[in-house]
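In: below is the sequence, then the predicted model.
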Amino acid sequence: MGDESTRMRWGRFRFSVIGSLLAAPPEHGELQAALGELAGRSWRHPTTGEAVRFGLKTIERWYYVARHHPADPVGALARKTPGHAGTHPSVSDSLATLIRSQWYEHPRWTFQLHYDNLAVLVLAAPELGSLPSYPTLCRFMKTHGLVRQKRRARRGGGEPLEPREVRSYEVAHVHGLWHLDFHEGSRAVLTEDGEWLKPQLFGCLDDHSRLACHLQWYLVESAETLVHGLTQAIRKRGLPRMLMTDNGGAELAAEVTEGLERLGIVHETTLPYHPEQNAKQESFWGHVEGRLMAMLEGEPALTLPMLNEATQAWVELEYHRKVHSEIATTPLDRFTSAPSVGRDAPSSEQLRRAFRMQGGRKQSRSDGTITVEGVRFELPSVYRTLERVHVRYARWDLSTVDLVDARRGTHLAVLHPLDKTANADGRRRLLGDVVRRHEPREPAGMAPLLRSLMAEYAATGLPPAYLAGPHSHRSDPEEEE
């Protein structure tokens, strides 16, 4: 216990020894006999627990101290705080300056390493005074905040990141904030290929209720598995207002970030090298390892389907229905009863189209195709006039891509990969006119601009600026005969 607890423990103990004398004061002349009786008894030491006895004069002193402080006898009987408390007389001013200087130069040294180097410096410079003991040095450094510092991460190899305070937080509404993260399991699973691999647990946690929106184990952490798990969480619980993730490659993939924007979900990322911002998620992993994985220790051949089945049963029937120490209720009760800012979940098809990245492609005029990630897709002939088109696609699923309006983002058509074998049957559609034809009419004759130019040229009165060719006025052969 701390010094304050020990000090007050002595006060309570001393008060219990002489408390009977205050509750039933002895008659005149009988005080010494009562004190002698107390001095002859054995008492349990307040800190060590051993049986001890105290002298008559000691108990008498306690008695009079308590009588002179009727408002707070326990505080008066407590051990007095030494006058030098909080100071370090054995550490001189010059030595304190040296300790601070050494810590600023080497903030990641241990206390023992500081002490060993300080001993060498004191030996070389006797004017610094005597070397304090190791416990004294530790107390001095802790009192002045000279504790060991962690290695600070650097921003892009440049200056180290500034330390920031850590504060607990909680949003006021259900669906106000979700936490998303991956966790590497402590147990390997047996795959269909006979390999042992450490699975990755996708987890999505509601901040206000601590309810697990969805949990699922995967063999790899990727944007594809993230979208697969997140879409299930949305379909099961609804749309949140904000999602917090770390700065991993899967979390920052274009399919994920653009999909969250289309669904109206604010995407917040933790500060680099500050995982404590997602502390609720990190704490939840402790429940997973301490409860779920511990109950699977006896399973010798753990597979991914078996692990997922066990996870769903555990989270729905135990975690969601067990009182959470932080919120004093179960996650399920708080999720269903607390105020919510969530929205209805879109359909599976809408979610599939949302989590796609958008990009522009130039259409090939020769065959009306575009190329996406090395795969050629055919465009409907109605869009053959577009020089550049915009499509949305997921890089892990190129079975189809969506053709969208670049200005409004509306869905226009579903594009399929070019099938050269199917096109070899020789069937071709008749292309319609790009411009709508009018009813046939008489030829319009010479263009108005050319007619105007010829009239203007004739008005100049100049002769033709060319000589007629030798056969420009061919005569009739019969007249020549």
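Out: Arrived safely, thanks for sending.
In: hey, let's count contacts and neighbours off CA atoms from now on
Out: Will do.
In: residue 201: neighbour count?
Out: Other residues lying near residue 201 total 23 when counted by other C-alpha atoms under 10 Å.
In: how about the nearest residue to it, chain neighbours excluded?
Out: Using C-alpha to C-alpha, 6 or more residues apart in numbering and skipping the chain neighbours, the partner closest in space to residue 201 is residue 217 (4.3 Å).
In: the closest residue to residue 11 other than its chain neighbours and residue 64, how far apart?
Out: If the residues on either side of it in the chain are set aside, residue 11 comes closest to residue 78, at 3.6 Å by C-alpha to C-alpha, 6+ apart. To residue 64, residue 78 is 14 Å away according to C-alpha to C-alpha, to the nearest Å.
In: now swap in residue 308 and tell me
Out: According to C-alpha to C-alpha, residue 308 stands 71 Å off from residue 64.
In: mind checking which of the two has more residues around it?
Out: Taking neighbours as other C-alpha under 10 Å, residue 308 and residue 64 compare with residue 308 leading, 16 against 11.
In: now do the SS call for the more buried one.
Out: Secondary structure for residue 308, judged by DSSP: H, G, I helix; E, B strand; the rest coil, is helix.
In: check contacts around it.
Out: Taking C-alpha atoms under 8 Å, 6 or more residues apart in numbering as the criterion, residue 308 is in contact with 216, 217.
In: returning to that earlier point: my guess is the residue nearest to residue 11 meets residue 16, correct?
Out: No - Residue 78 is not in contact with residue 16 according to C-alpha atoms under 8 Å; the separation is 12.0 Å.
In: would you confirm that the residue nearest to residue 201 contacts residue 307?
Out: Yes - between residue 217 and residue 307 there is a contact at 7.4 Å, judged by C-alpha under 8 Å.
In: who has more neighbours, these two?
Out: When neighbours are counted by other C-alpha under 10 Å, residue 217 and residue 307 differ, and residue 217 comes out ahead with 24 against 18.
In: relative to residue 352, how far out is that one?
Out: The spacing between residue 217 and residue 352, counted by C-alpha to C-alpha, is 20 Å.
In: again with residue 70
Out: Taken as C-alpha to C-alpha, the spacing of residue 70 relative to residue 352 amounts to 76 Å.
In: higher neighbour count, those two?
Out: Comparing residue 70 with residue 352 by other C-alpha under 10 Å, the one with more neighbours is residue 352, at 16 against 11.
In: and residue 181, how many neighbours?
Out: Taking other C-alpha under 10 Å as the criterion, the count of residues near residue 181 is 21.
In: does it lie in a helix or a strand, and which?
Out: strand 178-184 (DSSP states H and E).
In: given that strand, what are its sheet partners and their directions?
Out: The sheet places strand 178-184 alongside strand 200-206 (antiparallel), strand 242-245 (parallel), with pairing taken from DSSP bridges.
In: which of those strands is buried the deepest?
Out: A comparison of those by mean neighbour count, using mean count of other C-alpha atoms under 10 Å, puts strand 200-206 on top with a mean of 24.
In: I'd like the mean pLDDT over that strand, please.
Out: Confidence over strand 200-206 (mean pLDDT, whole number) is 96.
In: quick check: next helix or strand after that strand?
Out: Helices and strands here follow DSSP H and E; after strand 200-206, the next one along the chain is strand 212-218.
In: show me what whichever helix or strand comes after that next one is packed up against.
Out: The element immediately downstream of strand 212-218 (helix or strand, assigned by DSSP H and E) is helix 223-237. Under the contact definition 3 or more C-alpha pairs under 8 Å, 6 or more residues apart in numbering; DSSP states H and E, helix 223-237 sits against strand 200-206, strand 212-218, helix 254-262, helix 348-354.
In: output helix 223-237 as CSV, nothing but the C-alphas.
Out: Included here for helix 223-237 are C-alpha records, laid out as CSV according to Å, rounded to 0.1, in the frame of the first residue of the first chain:
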residue,chain,number,x,y,z
ALA,A,223,-9.5,-5.4,-48.3
GLU,A,224,-11.7,-8.2,-49.6
THR,A,225,-12.1,-9.9,-46.2
LEU,A,226,-12.7,-6.5,-44.6
VAL,A,227,-15.5,-5.6,-47.0
HIS,A,228,-16.9,-9.2,-46.6
GLY,A,229,-17.0,-8.8,-42.8
LEU,A,230,-18.2,-5.2,-42.8
THR,A,231,-21.1,-5.8,-45.1
GLN,A,232,-22.3,-8.5,-42.8
ALA,A,233,-22.0,-6.2,-39.8
ILE,A,234,-24.1,-3.6,-41.6
ARG,A,235,-26.7,-6.1,-42.7
LYS,A,236,-27.0,-7.4,-39.2
ARG,A,237,-27.0,-4.1,-37.2
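In: quick one: buried residues of that helix?
Out: Buried residues in helix 223-237, defined by neighbour count with 16 or more other C-alpha atoms under 10 Å: 223-227, 229-235, 237.
In: can you tell me what sits against it?
Out: 202, 204, 213-216, 218, 240, 249-251, 253, 255-256, 345-348, 351, 355, 396.
In: need the three-state assignment for residue 89.
Out: For residue 89, the secondary structure call by three-state DSSP comes out as coil.
In: for it, grab phi and psi.
Out: Dihedral pair for residue 89: phi -60, psi -30, per degrees, to the nearest 10.
In: cool, and residue 390?
Out: Taking degrees, to the nearest 10 as the convention, residue 390 sits at phi -120, psi 130.
In: what residues are up against it?
Out: Residue 390 sits in contact with 358, 359, 360, 361, 403, 404, 405, 406, where contact means C-alpha under 8 Å, 6+ apart.
In: lowest-confidence entry in the residues you listed?
Out: Comparing pLDDT over the contacts of residue 390, residue 406 scores lowest. The value there is 86.
In: and the gap between that residue and residue 388?
Out: In this structure, residue 406 lies at 10 Å from residue 388, with C-alpha to C-alpha as the measure.
In: do residue 203 as well
Out: Distance of residue 203 to residue 388, given as C-alpha to C-alpha: 40 Å.
In: the residue nearest to residue 257 when sequence neighbours are not counted bridge partners, please.
Out: Across the structure, with C-alpha to C-alpha, 6+ apart as the measure, the residue nearest residue 257 apart from its sequence neighbours is residue 267 (7.2 Å). Beta-bridge pairing for residue 267 (DSSP bridges): residue 243.
In: who's in contact with residue 267?
Out: So residue 267 contacts 242, 243, 244, 245, 257, 260, 261 (C-alpha under 8 Å, 6+ apart).
In: and for residue 215?
Out: Residue 215 makes contact with 201, 202, 203, 204, 229, 311, 312, according to C-alpha under 8 Å, 6+ apart.
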